[in-house]
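S.K.: Would you be able to build a 3D model of this:
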Amino acid sequence: MPSALKPMRYGHTEGHTDVCFNDTGSCIVTCGSDGDVRIWENLDDDDPTSFNVGEKAYSCALKNGRLITAVSNNTVQIHTFPEGAPDGIVTRFTTNANHIIFNSDGTKIAAGSSDFMVKVVEVTDSSKQKTFRGHDAPVLSLSFDPRDVYLASASCDGSVRVWKIADQTCTTSWPLLQKCNDVINAKSICRLGWQPGNGKLLAIPVDKVVKLYRRETWDSKFDLSDAFITQTLNIVAWSPCGQYLAAGSVDGCIVVWNMESQKCIERMKHEKKYTICGLAWHPKYKQIAYTDTEGNLGLLENIGDEKKSNDKVTSTATKDYNDLFDGDDDYLSGDMIEPQSSPKTGANEEDDDDFKPTSGHFRRTIIDDDDNSLDIGMIKANSNLLEKEDDDDDQTGGFPALPPSSTQQPFYDGPMPTPRQKPFQSGSTPAHLMHRFMVWNSVGIIRCYNDEQDNAIDVEFHDTSVHHAMHLPNSLNHKMADLSTEAILLACESTEELASKLHCIHFSSWDANKEWTVDMPKDEDIEAICLGQGWAACATSALLVRVFTVGGVQKEIFSLPGPVVSMAGHGEQLMVIYHRGTGFDGDQCIGVQLMELGKKKKQILHGDPLSLTKKSYLIWVGFSAEGTPCYVDSEGIVRMLNRGLGNTWIPVCNTREHCKGKSDHYWVVGIHENPQQLRCIPCKGARFPPTIPRPAVAILSFKLPYCQVTTEKGQMEEQYWRSVVFHNHVDYLSKNGYELDESAKGQAVKEQQELLMKLFALSCKLEREFRCVELADLMTQNVVNLAIKYASRSRKLNLAQRLSEMAVEKASELEVSSNKKDPVVPSANVLDTMSKYSKKNCSSSSQAVNKQSPPVIKPLIPKPKFKQVMFLVFLYCYGEQRIKCCFGGYGFPIVLNEQFLYACFRPKTGFQMWLEENRANILKDNPDLNEAEVIKEGMSRFRVLSAEERMVWTEKAKGGTVNDSAEDKKRKRPATDEDEVKKNAEQKSEDSNLSKKTKPLDQSANVKLSAFAFKQS
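M.R.: Just a heads-up that it's a prediction; the model follows:
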């Protein structure tokens, strides 16, 4: 398995940070320039134990349950572990100590200070001290000889010295480092180290190499280097077995060498290239904890589990023999390192014992209990192999598979089940904290204080007009809370004497008794609670959900299919999250029920699976301020219910994109859809904020995960669909009888249509006409008309025709829908009040209105819409170019718009009627005239007529008659009865058009238009 580098997390404030493991490796201990010591159970521990030891902590060491720290008050203190209680002062200096260490058995402490001195103190008796003088500058680092004979020290004077502890004399000194006057100016802190076990080698980081000096002779044996190292090395650390050596540089590089082969086996680069100032090996596993000068903590795992390419299999039999013990790999593979050599070793050991790599017989030593024990399975296997040796001569693949022995346990190699997530309250911090948030939501904040001085609950409202702040005793040790504009809901767990209780403070009640309490049945604990409008609910360990009125009346009870995870309420809506089953490979198997508890009780979501990011869990469940269900998972993905797409969940934000560091998180406290705001608290290096000081709320923007959002098209698509999703609540609230701001809804529709029109224009420029039609299908009728104009001006005639057909369909759909909905009173805009009445009322009112005069419906389709639709039909039927060809020679400019078409449908003038009857005569006299010349000739002849004759033709065009007209007798016009019949028919047609909805296309009008445009001689 290759090495794994876990993301670093925030541990302390900026400055030098030290790190170490405890004796068993069960926790990591760090100290930093903030003066705090933190005890981490693992790198994912979001709530490490923390206690303050001083203004600044420069170094720490841990051995045998004793924790020592070098702090800014120039002392070396000792604390109990893990309690952190002060246990005395070990020694003092005139300035601060820079480095402190334990010897191998934890009986002595060595400390080096900026006052140039080094001290060695007995842990049990601090009066027994030895002082080492000789350095001419502040001491940088120290290292104890594993045999307690020598002590090595590095100083800002540029020297590395080896002291003999017994007589406090300097044995040898090397001028290896660059000189400086203080630790903060040192190019390297030169954390050196003796090889564990026999202490044969002393490793010293010098510039870009690690120099190793032999014990006793003090000559340089060899140097370790690698091309990956480009800056000065700052620190070295030996593995407990002495087989590996790790080094960290000032630019964030960490390298690990195998001391047997002297080859570099691991190379790692800090994600931000910060200086590595702390390295510590795990006492059992192949892990390295490291810190940087910015206060961050990291972990490098599986050190040295590389595959050696130059190793060759010596024989097939050896390989297969080792395969017999594959069942032991769980104990040995990468998790356990080689046994540590004894720290007390004879002085006459040979140099060949300096490096003791793990032999192939290490597996066998674990299996065999002693020299006389036998492995029955192994004997049977060998006997079976000998018996079948002659029969299997043709086999070349090694030994056949062996049956498992009676001592072998069955091994499961499938997916591993995921531990179920425990119940939690949204907006709360962990219950074990002394000061914690019980809930933080859009109404207010509830804090709980449980320390030696007080056990109380503080309630604070964001809007003090709702209620004033409250201070409540917490004698029942309430663990859960919820807050609404009506009440405070609290719950506690059961004890041996008391049952689990649900306690409600109904502060909006108009009577004097504002509190009530309900005891749960025996062996039934409350695990989640929530408040809604006029009701409260709790989920219990008996897989029950109990609903109460806010005044304390018990209402419905229903069972859950699995253990509850969390609950949330808003208005009449109740959302319950529970475990549907067992998840595998780190995934949770969670379901959701959403129901409405109003007068018409119904269930919206029937236990549908809840979508979570892979290997994540739920951290927040709730509703937006407008009542849309939302939730957040541990990966920072915020999802919202999309009611416009069949109640599916859509991701609307990724809070991790806003985090500066990998260990930073955002703690969600509220969601608003209008305006679009995600209200949350930034947490540096943790998942939740502290109660003191009061954290500041940040506002994040929403962003749907659409593709190519860096392009103009992707941005507008994301903005459009985000606007659609975040305004779905308008339709839901209107259906449930809530009053809405129509101006806000109109503004949203306007914004969406503008985005569609921009996308339409962009698609036109890109010659994507099919895409244009798809976008037009999302537009309203008015915006489609605008798109038709744009397409016509862009000379997209085929596109304009298709859009005209779509406009006709939309107009007909609008007409059908408007016919189904009639107004009740013509007071305001008719369309604004239609959705507030039921279908039954609408049908009855339409019957009453139809019995009376019909003109009330006229405002639904005003005359301009009729003109627009007729123009679109005309343009679609005949096309722009064809119209211009027909009318372009009339001597006046043709502008294809609604006004032109409406002009075509006006009653004919007297000249037009005269020209129709006299056209043949004009062409007979002048057969070579074109259409324009015919009109000019007709105009000249019409002007010659007398005023009375012209008046007769004008009256004919208006549909009237002139009595006793001589011209009427000369031309022998048909009987006026026929005109009267036509006139009455036309009059009836016009009257019927007033009482009925105007159709987008009149057949007679089409015939007139066609005749006018395409009449042949």
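
S.K.: number of nearby residues for A811?
M.R.: When neighbours are counted by other CB atoms under 10 Å, A811 registers 23. All C-beta spots, glycine's among them, are computed from the backbone N, C-alpha and C.

S.K.: With S794 instead?
M.R.: Residues lying near S794 (other CB under 10 Å) number 14.

S.K.: ok now do K63, which residues does it touch?
M.R.: 23, 102, 106 (CB atoms under 8 Å, 6 or more residues apart in numbering).

S.K.: Distance of it relative to F102?
M.R.: Distance, K63 to F102, by CB to CB, to the nearest Å: 4 Å.

S.K.: With G670 instead?
M.R.: Counting by CB to CB - G670 and F102 are separated by 50 Å.

S.K.: can you confirm Q715 is in a helix?
M.R.: Yes. Under DSSP: H, G, I helix; E, B strand; the rest coil, Q715 falls within a helix.

S.K.: so E809 is in which element?
M.R.: Following DSSP states H and E, one finds E809 within helix 797-820.

S.K.: which of G670 and F102 has more neighbours?
M.R.: Neighbour count, other CB under 10 Å: between G670 and F102, G670 has more, with 22 against 19.

S.K.: Who does the more buried one form a beta bridge with?
M.R.: Beta bridges link G670 to R679, judged by DSSP bridges.

S.K.: Please tell me I have it right and it contacts A625.
M.R.: Yes. Between G670 and A625 there is a contact at 6.9 Å, judged by CB atoms under 8 Å.

S.K.: Verify the contact between T171 and W163 for me.
M.R.: Yes. Counting by CB under 8 Å, T171 does reach W163; the two are 6.6 Å apart.

S.K.: list the residues that contact both of those two?
M.R.: Counting by CB under 8 Å, 6+ apart, the shared contacts of T171 and W163 are Y150.

S.K.: So for the two, which sits in the more crowded spot?
M.R.: For T171 and W163, the more surrounded residue by other CB under 10 Å is W163, and the numbers stand at 25 against 15.

S.K.: Does the more buried one belong to a helix, a strand or coil?
M.R.: strand.

S.K.: How about the contacts made by it?
M.R.: Neighbour list for W163: 118, 132, 150-153, 169-171 [criterion: CB under 8 Å, 6+ apart].

S.K.: How about it: what's its closest non-neighbour residue?
M.R.: L151 (4.6 Å; CB to CB, 6 or more residues apart in numbering).

S.K.: is the one you found in a bridge, and if so with what?
M.R.: Using DSSP bridges, the bridge partners assigned to L151 are F144, W163.

S.K.: and if you look at D36?
M.R.: N52.

S.K.: Please tell me I have it right and it contacts S50.
M.R.: Yes. Contact criterion CB under 8 Å: D36 and S50 qualify, at 5.3 Å.

S.K.: Tell me which of the two has more neighbours.
M.R.: For the pair D36 and S50, the greater number of neighbours falls to D36 (19 against 15), based on other CB under 10 Å.
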